[in-house]
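1. Structure for this input, please:
(chains A and B)
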Number of protein chains: 2
Amino acid sequence: MTTPVNNPIKKNQGLEGIVAATTAISKVEGNLGRLIYRGYNIHDLAKTVTFEEVAHLLWAGHLPNRTELTHLKEKLAAQRTLTPAVITVLRTLPATAEPMDVLRTVVSADGATGGISGTPTLDQAIALTARIPLILAAFARLRQGLEPLESRAGLGHAATYLYLLNGQVPSEAQERALNAYLVMLADHGMNASTFTARVVASTQSDLASSVVAAIGALKGPLHGGAPSKVKDMLEEIQAAGGKEGAENWLRNALENGTVLMGFGHRVYKTVDPRAEELKGMAELASPQEFGFAAYVEELALKLLAEYKPNRKLYTNVEYYSAVLLGSLGLPGDFFTPTFAASRVAGWTAHILEQAANNRIIRPESDYTGPETAVFVPLAER
Amino acid sequence: MTTPVNNPIKKNQGLEGIVAATTAISKVEGNLGRLIYRGYNIHDLAKTVTFEEVAHLLWAGHLPNRTELTHLKEKLAAQRTLTPAVITVLRTLPATAEPMDVLRTVVSADGATGGISGTPTLDQAIALTARIPLILAAFARLRQGLEPLESRAGLGHAATYLYLLNGQVPSEAQERALNAYLVMLADHGMNASTFTARVVASTQSDLASSVVAAIGALKGPLHGGAPSKVKDMLEEIQAAGGKEGAENWLRNALENGTVLMGFGHRVYKTVDPRAEELKGMAELASPQEFGFAAYVEELALKLLAEYKPNRKLYTNVEYYSAVLLGSLGLPGDFFTPTFAASRVAGWTAHILEQAANNRIIRPESDYTGPETAVFVPLAER
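-> Below you'll find the predicted structure:
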């Protein structure tokens, strides 16, 4: 079997610049380096609100008052449990499985066992958002030969995740760092996974199907699947002589055409506002790891300007995501799943928005194959 | 929590008329009622080729010669097996689970257990195509309290599925009918599930993630999830007096605003060429059920022209799909999963095409929320 030659990329193929949906949830202004959630600048939220408040904002359109927040926290707490069937699926998947594949499978199993079907509802969004940290932490422990833990009453969303992973209530600094990460990654306009979720929801499929699809899209290295590569790069530079060897390592990489991980973004043509906030948070969470990462960043930006003067490459969200999540003790293959634990708030907000005012998303394609082929029976081929 | 009011639908929201990708795989001409697979008119293929030949055509760009076909059949046969982990997942899901949810979960588990990851390959496409009938048939039996069967050597793809479902080698007429169905549903331009698969693949995610996402999209009633409703409708009409009560039933439905299932299509503004072929096949497979369905169809088309003279509604692919699959003994909730067993050939062809010449699919959105909101701390809200 030979694969036919493909045509060169046409401009529309990435839908760049094409408006695929209207949304009142978030807005990304790539040229200004500005991200807003329902009117709030991300810089106003990063250090001031909890993930629960942001999830409420994305879902309901406004920040919760104290009563609303208490109510949401109670609902999340009530959903912090996995069914026996879901736990069996978790135990059945091999310890070597990729955590994103595990998350995709177990969220799907959760949907299949009756938790999430029919027309998408806010309660389903809350349930799924509550359970993703449980699923991830349970797998992290199972693959180490440890038993999953029960949630502990009184902990918030970020602290629950760290507690379930490590069996220890996190420090305030750790909780704040993860919370800030979860706040900042929760939505980002019509990115590929959110768009995937909306396309699936537009067929009137259910919330679990839409989120499962989004997890699959987030897994791709061109979308959410690369932050662990930043970690790998920093570790390689560390191993190659640390600060002293860094310039050499980076120049070698640039001269050999190796892509430096954590720089450049499809949408942002200036500083990614999330990268700025994450940088500050990473510094607080782990001054030592931060120091090395900041040194490499500065050097990399200088060399990128030298080697690729026309590209305008800035530090992207993955760079300090990797530093921050690494400093919290998360293994590299849990960076993208933890991204999902945040983005699920945005995905479900978009699914509810799509479902409330739906039209099936069904584009056209340009056919470039043969117009006519004459059929020949098998015996004569 | 109150959900904010949404804006009215903008024209672009469904990406109608927007070219999202170039493809050499299939072309749908809605105004002409014409569907081609890599140049071959569907009417030339429907009764002449096996599903295996069509899968080869979609994947490789040409119909196989005898050597190529033998080779492909051997590869499919070698993949007709499920791993113990996948079987455990199947046994863990409740008998009441929706078959589409089961398929989504088990294909995901198959990907997670190491069968399908990394850059999409043709061998992965073959493996997944081979296994979907096994997964579906195993669940169909498990939920009846029966043990799954082993595949039987020497049977083709369509016959294997019927054998695994029923424990009997199908008659030639049954095999031909299912084969024709599988051939005709295997691809259809940039439909919502295929588009979903391409969006996921465009992030450089893996083939399992892309197919899992597509299954979720196909589940939606606006895409693949409605053929069982045709069956329900025909059964209701049968129960309400059969042929004699049909006109009354249909007039009542139209006067009460009930949508008649199996008529109208987003793309086709004339007869769907697949509906024509499926009609012929359904007549051969089950003359009696066909007779009643054809009677209702004729009446429905007459009444639709009377009640909705401006709509140009034609019989769509779901109508005779339901008749054909029902006559083969498939339960209604297996109609859409069987659609997936066919469309997986197209999905995987599109995933391979996307991966071979990729650009991330990342559209824009129109933000309609507030531009600025003033942050107020929780204590003051």
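2. can you pull the contacts of A:Tyr319?
-> A:Val230, A:Met261, A:Gly262, A:Phe263, A:Ala275, A:Leu278, A:Ala293, A:Glu297 (CB atoms under 8 Å, 6 or more residues apart in numbering or on different chains). For glycine as for every other residue, the C-beta is placed from the backbone atoms N, C-alpha and C.
3. Report pLDDT for the residue lying closest to the third one once chain neighbours are set aside.
-> With sequence-adjacent residues excluded and distances taken as CB to CB, 6 or more residues apart in numbering or on different chains, A:Gly262 is closest to A:Tyr319, at 3.1 Å. At A:Tyr319 the predicted local distance difference test score is 93.
4. quick one on the thing from earlier: I'd like the contacts of A:Tyr319 written out as a markdown table, with secondary structure and pLDDT added.
-> Output for the contacts of A:Tyr319, formatted as a markdown table (DSSP: H, G, I helix; E, B strand; the rest coil; pLDDT from 0 to 100):
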| residue | secondary structure | pLDDT |
| --- | --- | --- |
| A:Val230 | helix | 93 |
| A:Met261 | coil | 92 |
| A:Gly262 | coil | 92 |
| A:Phe263 | strand | 91 |
| A:Ala275 | helix | 92 |
| A:Leu278 | helix | 93 |
| A:Ala293 | helix | 95 |
| A:Glu297 | helix | 96 |
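5. How is chain A divided into domains?
-> Residue ranges for the domains of chain A, per automatic domain parsing: A:26-221+A:332-356, A:226-327.
6. Ranking those by mean neighbour count, which comes first?
-> Mean neighbour count (mean count of other CB atoms under 10 Å in any protein chain shown) peaks for domain A:26-221+A:332-356 among those, with a mean of 22.
7. And the helix or strand harbouring A:Glu244, what does it pack against?
-> Assigned by DSSP states H and E, A:Glu244 falls within helix A:242-255. Other helices and strands packing on helix A:242-255, by 3 or more CB pairs under 8 Å, 6 or more residues apart in numbering or on different chains; DSSP states H and E, are helix A:227-239, helix A:287-307.
8. Give me the nearest residue to A:Gly14, chain neighbours excluded.
-> B:Arg359 is the one closest to A:Gly14 (CB to CB, 6+ apart), at 4.1 Å.
9. Make sure that neighbour is actually in contact with B:Gln204.
-> No - checked against CB atoms under 8 Å, the pair B:Arg359 and B:Gln204 is beyond contact range at 10.8 Å.
10. can you list the weak-confidence ranges in the stretch 1-150 of chain A?
-> A:1-13, A:115 (pLDDT under 70).
11. Can you show me the strands along it?
-> Remark: strands assigned in the stretch 1-150 of chain A by DSSP state E, counting those that start in this stretch are A:19-23, A:26-29, A:34-37, A:40-41.
12. do you know which of these lies nearest B:Gln288?
-> The closest of those to B:Gln288 is strand A:19-23. By CB to CB, the value is 46.8 Å.
13. Kindly present the domains of chain A as JSON lines, with separate columns for distance to B:Leu128.
-> Output for those, formatted as JSON lines (distance: least, CB to CB, whole Å):
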{"stretch": "domain A:26-221+A:332-356", "distance to B:Leu128": "14"}
{"stretch": "domain A:226-327", "distance to B:Leu128": "25"}
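14. how near is A:Val28 to chain B?
-> 9 Å (CB to the nearest CB, to the nearest Å).
15. Could you do A:Gly118 as well?
-> Taking CB to the nearest CB, one finds A:Gly118 at 10 Å from chain B.
16. who's in contact with the helix holding A:Glu244?
-> Contacts to helix A:242-255, defined as CB under 8 Å, 6+ apart, come from residues A:236-237, A:240-241, A:258, A:260, A:292, A:295-296, A:299-300, A:303-304, A:307-308.
17. Show me how far it is from its chain's centre.
-> Its chain's C-alpha centre and that of helix A:242-255 lie 29 Å apart, by CA atoms, centre = their mean, to the nearest Å.
18. now it and helix A:227-239, what's the angle there?
-> Between helix A:242-255 and helix A:227-239, the angle comes out at 120 degrees (axes from the mean of the first three to the mean of the last three CA atoms, to 10 degrees).
19. Would you mind putting the CA coordinates of helix A:242-255 into CSV?
-> What follows is helix A:242-255, C-alpha atoms only, in CSV (Å, rounded to 0.1, in the frame of the first residue of the first chain):
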residue,chain,number,x,y,z
GLY,A,242,24.3,24.1,34.6
LYS,A,243,24.5,27.9,34.3
GLU,A,244,28.0,27.7,33.0
GLY,A,245,27.2,25.4,30.1
ALA,A,246,23.8,26.9,29.3
GLU,A,247,24.9,29.3,26.6
ASN,A,248,26.8,26.6,24.8
TRP,A,249,23.9,24.2,25.0
LEU,A,250,21.4,26.8,23.7
ARG,A,251,23.7,27.9,20.9
ASN,A,252,24.3,24.3,19.8
ALA,A,253,20.6,23.7,19.9
LEU,A,254,19.8,26.7,17.8
GLU,A,255,22.6,26.0,15.3
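20. what does the stretch 151-300 of chain A have sitting close to chain B?
-> Proximity of the stretch 151-300 of chain A to chain B is confined to A:189-193, A:195-196, A:199-206, A:208-210, A:212-213, A:215-225, A:266-267 under the rule CB under 8 Å from any CB of the partner chain.
21. that older thread, identify whichever of the domains of chain A lies nearest to B:Asp366.
-> domain A:26-221+A:332-356 (9.3 Å).
22. Mind telling me what element the residue nearest to A:Gly14 is part of?
-> B:Arg359 belongs to no helix or strand, assigned by DSSP H and E.
23. Kindly tell me how buried it is, as a neighbour count.
-> A count of nearby residues for B:Arg359, using other CB atoms under 10 Å in any protein chain shown, gives 18.
24. Without its sequence neighbours, what residue ends up closest to A:Leu136?
-> Spatial nearest neighbour of A:Leu136, excluding adjacent residues (CB to CB, 6+ apart): A:Pro337 at 5.1 Å.
25. what helix or strand is that neighbour on?
-> According to DSSP H and E, A:Pro337 maps onto helix A:335-356.
26. From the chain's centroid, how far away is that helix?
-> 9 Å.
27. Give the other helices and strands that the helix or strand just after it contacts.
-> Using DSSP H and E, the helix or strand that follows helix A:335-356 in sequence is strand A:364-367. For strand A:364-367, the elements it packs on are strand B:19-23, judged by 3+ CB pairs under 8 Å, 6+ apart.
28. List the residues that contact A:Leu328.
-> A:Leu162, A:Pro170, A:Gln174, A:Ala177, A:Leu178, A:Ala285 are the contacts of A:Leu328 under CB under 8 Å, 6+ apart.
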